[in-house]
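Student: fold the following and give me the result.
(one chain, ligands or ions: 1)
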Amino acid sequence: MEIKQVEDYQAMSEAGAQLIMETVNSLEKPVLGLATGSTPEGVYKRLIEAHQSEKVSFRHTTSFNLDEYVGMLGSDPNSYRYFMDKKFFDHIDIDKQKTFVPNGKAEDLQRECEQYEQLLMDHHEIDLQLLGIGTNGHIGFNEPGTPFSTKTHIVDLAPSTRKANARFFESEQDVPEQAITMGIATIMKSKQIVLLVSGEKKARALDQLLHGEVSEDFPASILQTHPNVQVIADKAALSKVSV
Ligand SMILES: N[C@@H]1[C@@H](O)[C@H](O)[C@@H](COP(=O)(O)O)O[C@@H]1O
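Tutor: Numbering: from 1, shown residues only. Now for the predicted structure:
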């Protein structure tokens, strides 16, 4: 893993956007793996600005999002489809038909997982996967204890994850109990992974990622075994990293 230390959230967002632009500008048909949450929002803002000043076009880009809440329509403001549309896709020239987010409202959720995985494996290889990290080390919605071999699947969200994400909902009870997420094996197939880490509340998780052992108890630790990972972390996130 390559660690890029930056000053703050703004600098992290700038560096993340830069890596995505390099990928998008250098490939004929780039495939991006995208993430939601507070962490990547700044990256999307930078990319929109870059698009507006004609530094990047997403016309030929295909995207796959990591996850979606079960039971939520894409029109629900708390769905990840809505997040992606409002915070990114609606402001760039990407073909919406080529932006994939798991369907949390699918009648047959199991089948939806299989189809999502199949679509990725058959036709697309993710060139660059953007990731955030949960305080418990989750990536996507792969909670501690998830086998490293998992493909796209349905998860029961950990109480700590529901609590952490309650800030987007009226109350913690409103946070869905399940989600569809790309599996750890799905994520690891990406050619390049860019993990963004910002703020003191992620400091312990970052320390464990960098210095802990590779274990299913801390899903992000698998990234230590991937050949092409850049971790972009700000000072606050690095504040508890032992050297
Ligand atoms: N499913 C998402 C993850 O993809 C995200 O990386 C993580 C951290 O979120 P945040 O960036 O808001 O801290 O938790 C969420 O639950």
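Student: quick check: mean pLDDT of the longest helix along the chain?
Tutor: As assigned by DSSP state H, the longest helix anywhere in the chain is helix 9-26. For helix 9-26, mean pLDDT is 98.
Student: after that helix, which helix or strand is next? Please name it.
Tutor: strand 31-34 (DSSP states H and E).
Student: strand partners (parallel or antiparallel) of that following strand?
Tutor: strand 62-65 (parallel), strand 128-131 (parallel) (DSSP bridges).
Student: quick one: that strand to chain centroid distance?
Tutor: 9 Å (CA atoms, centre = their mean, to the nearest Å).
Student: with stretch 25-40 instead?
Tutor: For stretch 25-40 - counting by CA atoms, centre = their mean - the centre lies 9 Å from the chain centre.
Student: buried residues in that stretch, which are they?
Tutor: 30-37, 39-40 (16 or more other CB atoms under 10 Å). Just so you know, the C-beta spots here come from the backbone N, C-alpha and C atoms, and that holds for glycine as well.
Student: now do that stretch: everything it contacts.
Tutor: 16, 20, 23-24, 56, 60-67, 80, 83-84, 88, 124-132, 140, 182, 187, 190, 196-198 (CB atoms under 8 Å, 6 or more residues apart in numbering).
Student: state the mean pLDDT of the strand or helix carrying residue 193.
Tutor: Assigning secondary structure by DSSP H and E places residue 193 in strand 192-197. For strand 192-197, mean pLDDT is 98.
Student: that strand and the ligand, are they touching?
Tutor: No - Strand 192-197 stays clear of the ligand (CB under 6 Å from any ligand atom), getting no nearer than 7.7 Å.
Student: quick check, pLDDT for residue 242.
Tutor: Reported pLDDT for residue 242: 73.
Student: need the phi and psi values for residue 150.
Tutor: Note on residue 150: backbone dihedrals following degrees, to the nearest 10 are phi -70, psi 140.
Student: picking up where we left off before, filter the contacts of stretch 25-40 down to the buried ones and hand me the PyMOL line.
Tutor: To isolate the buried ones among the contacts of stretch 25-40 in PyMOL, judged by 16+ other CB under 10 Å, type:
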select buried, resi 16+20+23+24+56+61+62+63+64+65+66+67+80+83+84+88+124+126+127+128+129+130+131+132+140+182+187+190+196+197+198
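Student: is the closest residue to residue 223 other than its chain neighbours in a bridge, and if so with what?
Tutor: Leaving aside its sequence neighbours, residue 223 sits nearest to residue 229 (CB to CB, 6 or more residues apart in numbering; 5.1 Å). Using DSSP bridges, the bridge partners assigned to residue 229 are residue 193.
Student: export the worst-scoring helix or strand of the chain on mean pLDDT as PDB, just CAs?
Tutor: Lowest by mean pLDDT, DSSP states H and E among the helices and strands of the chain is helix 159-165, with a mean of 92. What follows is helix 159-165, C-alpha atoms only, in PDB (Å, rounded to 0.1, in the frame of the first residue of the first chain):
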ATOM      1  CA  PRO A 159     -25.300  -1.700  15.100                       C
ATOM      2  CA  SER A 160     -22.200   0.600  15.000                       C
ATOM      3  CA  THR A 161     -22.700   1.200  11.300                       C
ATOM      4  CA  ARG A 162     -26.400   2.000  11.700                       C
ATOM      5  CA  LYS A 163     -25.500   4.400  14.500                       C
ATOM      6  CA  ALA A 164     -22.700   6.000  12.400                       C
ATOM      7  CA  ASN A 165     -25.100   6.500   9.400                       C
END
